[in-house]
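Novice: Structure here, sequence nowhere to be found:
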């Protein structure tokens, strides 16, 4: 199989896809809102993509809100509002001068269910990314195959089995996260 595709590279790409899923679960799909989820949010300022913590001070106000202070860079507020609404974090920021307050939702059954749904959406994106990697390597194998059709089919089946294993791992991560979120 190694003569048809770079197996190590394929494993690295699939591992990276699962690592991204784990990171998304830790940052964005949790009962406790992590300030880091806001700090690493990318916004467009004067045509450049920058991280939110480069243009605003990010902090907490008690346990009820995240505070974003844009006193040093007030022109970044409109793009920060757009980025927050597009982030999928489900937050509704409120502006007061050069400060944005983001009220944190109470932990209700409905909030838990929404987070569990978000975990499923992220898994589906991961599954699609893993299938893209799989398809890329199957195409590569087809291009390099000058051997009998049996060999080409065998290589494709092995690639498919590897991708299925990674998809099962991702699904397992999703199920664990949903159990954690639902308190079961």
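Specialist: All right, it came through fine. Predicted model only: the values in this text are computed from it and were never measured.
Novice: Check the gap between the most centrally placed residue in the chain and residue 124 for me.
Specialist: Nearest residue to the geometric centre of the chain (Cα atoms, centre = their mean): residue 24, 3.9 Å. For residue 24, the distance to residue 124 equals 12 Å [Cβ to Cβ, to the nearest Å]. Just so you know, the C-beta spots here come from the backbone N, C-alpha and C atoms, and that holds for glycine as well.
Novice: Same question for residue 103.
Specialist: In terms of Cβ to Cβ, residue 103 sits 29 Å off from residue 124.
Novice: Check whether residue 21 really touches residue 120, as I assumed.
Specialist: No: applying Cβ atoms under 8 Å, one finds residue 21 not in contact with residue 120, separated by 11.6 Å.
Novice: low-scoring stretches of the chain, by residue?
Specialist: 1-2, 33-34, 36-37, 88-90, 145-148, 184 (pLDDT under 70).
Novice: Mind jotting down where the strands sit in it?
Specialist: According to DSSP state E, the chain carries its strands in the segments 42-45, 48-51, 57-61, 65-69, 94-96, 99-103.
Novice: Just checking: what are the partner strands of the third one?
Specialist: Paired neighbours of strand 57-61 in the sheet (DSSP bridges): strand 65-69 (antiparallel).
Novice: which other residues reach the strand it pairs with?
Specialist: Contacts to strand 65-69, defined as Cβ atoms under 8 Å, 6 or more residues apart in numbering, come from residues 33, 35, 38, 52, 56-61, 80, 91, 93, 98-104.
Novice: again, 7 Å this time
Specialist: 33, 35, 38, 56-61, 80, 98-104 (Cβ atoms under 7 Å, 6 or more residues apart in numbering).
Novice: before we move on, what about stretch 9-27?
Specialist: Contacts for stretch 9-27 (Cβ under 7 Å, 6+ apart): 34, 36-37, 119, 122-123, 126, 129-130, 133, 137, 166, 169-170, 173, 177.
Novice: Now, of the residues you listed, which are buried?
Specialist: 37, 119, 122-123, 126, 129-130, 133, 137, 166, 169-170, 173, 177 (16 or more other Cβ atoms under 10 Å).
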